[in-house]
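Peer 1: Generate a structure from the sequence data that follows.
(chains A and B)
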Amino acid sequence: MPRVMGMVSPDRTGPFPNHMNRAQITEKMKELLTKQPHLNADVTAVNESTKLDEIGFDSISILDFMYDVEAQFGIETEVADLVKFETVKDMLDYLQSKLSA
Amino acid sequence: MLVVISILPTSWTLAVADAVGSLVFLILPKRKKIAVENILAAKIVDNRREAARMARRCFQSFTRLIAESVLAHAQITKDNWREFVTIEASPAVMELLETEGLGAIVASGHIGNWEVAARAVSMIKPVNVIYRPLENPYLERELHGGRGAAQLHHISKYKESPMRFMKILANGEMLALMIDQHINEVGERLRVEFFGRPCWTTRSVAMMHMTMRKPLLVACAVRTGRMKFTLHVTGPIQFRRTGDRELDARVLTQNLTNEIEKVARQHPDQYLWGHRRWQD
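Peer 2: Residues are numbered from 1 along each chain as shown, chains lettered A, B, ... in the order given. Sure thing, here's the model as predicted:
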């Protein structure tokens, strides 16, 4: 049996945004990007074609960001899916599919 | 010393390693002082004389590690690794190790011989060790330069793209990191207590587990004899997130640190006390 640590409680900080359209999801994502304390992303320059490499993520900040995305949108991501992301569009497509599921 | 390792019998090699450790203990007074002060502050012993004896043994433990790692490269194979390393772990951990395609994150500490442990586990499934390059280029080359194995890879934390570590886990491989080193980078660290004193450590293990949801293990390999080691593995750990990222990372990392401390207390003469672990 795995050892369970930590509290058992809902892992969601915002309302379940299944009514959000793509533009709203994009804005929420940009908001989360600006909140990453150690990521100096120029959010105004981020659009769907922006590559994730260009945002300046390192191996920690991308994990921080994904944790916040999951908490904000109330979803769980799969690492097998995450590794396929190359652009912001890939991420947005994924979020939309998760939210509409 | 490395030329000596290649031509001497194992027992002589290890004796030379011990002698070198004693010599290094004498000629590096700053490191000796750090080790002695750390041992005393951790209350492992209560007098300076005993602390100095233990510090000398820990220097010998490190030079032994180098010699053992070179020997392991030559001696340990897929067919005989069990003659060198015994894994003490739950059935769930063994199933995880022996099932192809199941990756895991492994937190470890600088105790015993972490290099030989990684090599042994790599005989079962691929192991990727994320490490911080040593400042000494000679030691760096001998420990990490080209002494990998078919399934053992050393990855400098400074050189990889952020997705590399995710891909390793997505591929069902093991990803191992040390969690008992001081971390300077502000974005990467958090504060924990280790031997009752606050210190900085990496938050990356906690963040990887919480985001990627791969099983988490704590593993430490202690030396039990001449080229004999026992790998103590705790887990698999499953942490339930609360939504407070920083709190969750701190709680989980503290739990992992406590596991490392437990093993280090049982085998203090095999712990790397000469590291400036406790910094502001």
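
Peer 1: in chain A, which spans are helices?
Peer 2: Secondary structure of chain A by DSSP state H: the helices cover A:22-34, A:52-55, A:61-73, A:79-82, A:88-100.

Peer 1: Now do the helices in the stretch 1-150 of chain B.
Peer 2: Using DSSP state H, counting those that start in this stretch, the helices found in the stretch 1-150 of chain B span residues B:2-7, B:10-27, B:29-41, B:48-75, B:91-98, B:114-122, B:137-144.

Peer 1: so where's chain A shaky on pLDDT?
Peer 2: A:1-18, A:40-41 (pLDDT under 70).

Peer 1: ugh, typo on my part, it should be the stretch 51-200 of chain B
Peer 2: B:139, B:141-149, B:158-160.

Peer 1: Flag every residue of it that's near chain A.
Peer 2: B:92, B:157, B:160-167, B:169-170, B:186-188 (Cβ under 8 Å from any Cβ of the partner chain). Where C-beta positions appear, they are placed from N, C-alpha and C, glycine not excepted.

Peer 1: wait, which of those is closest to A:Ala101?
Peer 2: Taking Cβ to Cβ as the measure, A:Ala101 sits nearest to B:Ala170 out of those, at 20.4 Å.

Peer 1: what's near enough to touch the closest one?
Peer 2: Taking Cβ atoms under 8 Å, 6 or more residues apart in numbering or on different chains as the criterion, B:Ala170 is in contact with A:79-80, A:82-83, B:103.

Peer 1: so which of the residues you listed is the most crowded?
Peer 2: If you count neighbours using other Cβ atoms under 10 Å in any protein chain shown, the busiest of the contacts of B:Ala170 is A:Leu82, which has 22 neighbours.

Peer 1: do you know how far that residue is from B:Met163?
Peer 2: Distance from A:Leu82 to B:Met163, counting by Cβ to Cβ, to the nearest Å: 8 Å.

Peer 1: Which residues are in contact with residue 91?
Peer 2: All of this refers to chain A. A:29, A:52, A:85 are the contacts of A:Met91 under Cβ under 8 Å, 6+ apart.

Peer 1: Same question for the residue in chain B that chain A sits nearest to, what's its three-state structure.
Peer 2: Going by Cβ to the nearest Cβ, chain A is nearest to B:Gly187 of chain B, at 3.0 Å. When classified by DSSP: H, G, I helix; E, B strand; the rest coil, B:Gly187 comes out as helix.

Peer 1: Okay, it and A:Phe73: tell me how far apart.
Peer 2: 23 Å.

Peer 1: and if you look at A:Glu86?
Peer 2: Applying Cβ to Cβ to A:Glu86 and A:Phe73 gives a distance of 20 Å.

Peer 1: neighbour count winner among the two?
Peer 2: A direct count of neighbours by other Cβ under 10 Å for A:Glu86 and A:Phe73 places A:Phe73 higher, at 23 against 12.

Peer 1: Just to check, that one is in contact with A:Gln96?
Peer 2: No. Here A:Phe73 lies out of contact with A:Gln96, judged by Cβ atoms under 8 Å, at a distance of 10.2 Å.
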